[in-house]
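Asker: no sequence on hand, only this structure:
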């Protein structure tokens, strides 16, 4: 249990990331809510890693094909979360300023999720009863 | 002497302040992370992530072209086949492990060593074929007829190039030596 401070810090950065995302939607000069679709990618991004950790019985340091496949798909989900705002801005569905805010929110949220995995997910006894 | 004593107290106070000030910054540790993982294991992770970036960037390039030019005249919809075949080839190439093709894996698998070699052969042929087809589409479908908008052809080419190189990185960038 790595501590309350890490948890509070991660929740703060998560809130900042979501604030960026919502600013990209709700500011007066933007006003459209299409960028909220990246929330799907936020929710999907930890799932491949969870699946591969569940499926593999050994968590030793040797190479693990399912873990690498999970990294592949997670990277794909992250790339998609950055690609979607760019495409929305290129067809002028959202403005480029909103796209920039959404991408900043993406970066912060994915760093938060990575921080969760680094702080709370490591160790051989990854179990759901960690809390 | 009184002055010296007060100066001594003043110096002590300054040192105490410096000690607390440096203590505040000392709690930040720069190179102290537990990165004791050797680079052999890191190589697999970096290869997987790199392959993921390449593959999905390829698909988002074609999504961008399809969203920007939705009509059939500027971007003939049949050109999407190239990317689909490239993705199938990617899956085929990475479905068999190098060890199975060499013959030194634990289990034979469903199709054995010869079957693995045939599967890999067909997979690589589809991959090379889709890359060549994307170049053909770009030059034969967009450059030579002097179409006003060339971007969809460039997008098809880059999609297939990225998927191809993503497949190569995922296949050959990872090592299967389990015992370092």
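Answerer: Now that the structure is in, tell me what you want to look at. Because the structure is a prediction, the values reported are computed rather than measured.
Asker: which residue is nearest the middle of the chain?
Answerer: Picking chain A for this. What sits nearest the mean C-alpha location of chain A, by CA atoms, centre = their mean, is residue A:110, with 3.5 Å.
Asker: right idea, wrong chain: chain B
Answerer: Against the mean C-alpha coordinate of chain B, by CA atoms, centre = their mean, the closest residue is residue B:50 at 1.8 Å.
Asker: give me the pLDDT for it.
Answerer: The predicted structure scores residue B:50 at 96 on the pLDDT scale.
Asker: try residue B:44
Answerer: pLDDT for residue B:44: 89.
Asker: mind listing what residue 65 touches?
Answerer: You didn't say which chain, so I picked chain A. If you count contacts by CB atoms under 8 Å, 6 or more residues apart in numbering or on different chains, residue A:65 has them with residue B:97. Where C-beta positions appear, they are placed from N, C-alpha and C, glycine not excepted.
Asker: switch to chain B, please.
Answerer: If a contact means CB under 8 Å, 6+ apart, then residue B:65 has B:75, B:151-152, B:155-156 as its contacts.
Asker: find the nearest non-adjacent residue to the residue of chain B at minimum distance from chain A, please.
Answerer: Distance from chain A to each residue of chain B (CB to the nearest CB) is smallest for residue B:52, at 2.9 Å. Taking CB to CB, 6 or more residues apart in numbering or on different chains, and ignoring the residues beside it in sequence, residue B:52 has residue A:75 as its nearest neighbour in space, at 2.9 Å.
Asker: surely that neighbour meets residue B:47?
Answerer: No. Under the contact definition of CB atoms under 8 Å, residue A:75 does not touch residue B:47, with a separation of 11.0 Å.
Asker: longest single helix anywhere in chain B?
Answerer: With DSSP state H setting the assignment, residue counts place helix B:39-68 as the longest helix in chain B.
Asker: okay, buried residues for that one please.
Answerer: Within helix B:39-68, the residues that qualify as buried are B:44, B:47-66, B:68, counting by 16 or more other CB atoms under 10 Å in any protein chain shown.
Asker: and for stretch A:107-122?
Answerer: Using 16+ other CB under 10 Å as the test for burial, stretch A:107-122 gives A:108-110, A:112-116, A:120.
Asker: again with stretch A:100-107
Answerer: Taking 16+ other CB under 10 Å as the basis for neighbour counts, the residues of stretch A:100-107 that come out buried are A:101-106.
Asker: and for stretch A:74-88?
Answerer: Neighbour counts using 16+ other CB under 10 Å place A:74-85, A:87-88 of stretch A:74-88 among the buried residues.
Asker: widest-spaced pair of those?
Answerer: In terms of CB to CB, the buried residues of stretch A:74-88 reach their longest pairwise distance at A:74 and A:88, which sit 22.2 Å apart.
Asker: buried stuff in stretch B:159-178?
Answerer: Across stretch B:159-178, burial judged by 16+ other CB under 10 Å covers B:159-171, B:173-174.
Asker: can you narrow these down to the ones near chain A?
Answerer: Of the residues in the buried residues of stretch B:159-178, proximity to chain A by CB under 8 Å from any CB of the partner chain holds for B:170, B:174.
Asker: out of the buried residues of stretch A:100-107, which is nearest to residue B:136?
Answerer: In terms of CB to CB, no member of those lies closer to residue B:136 than residue A:103, at 34.9 Å.
Asker: fine by me, we can end here.
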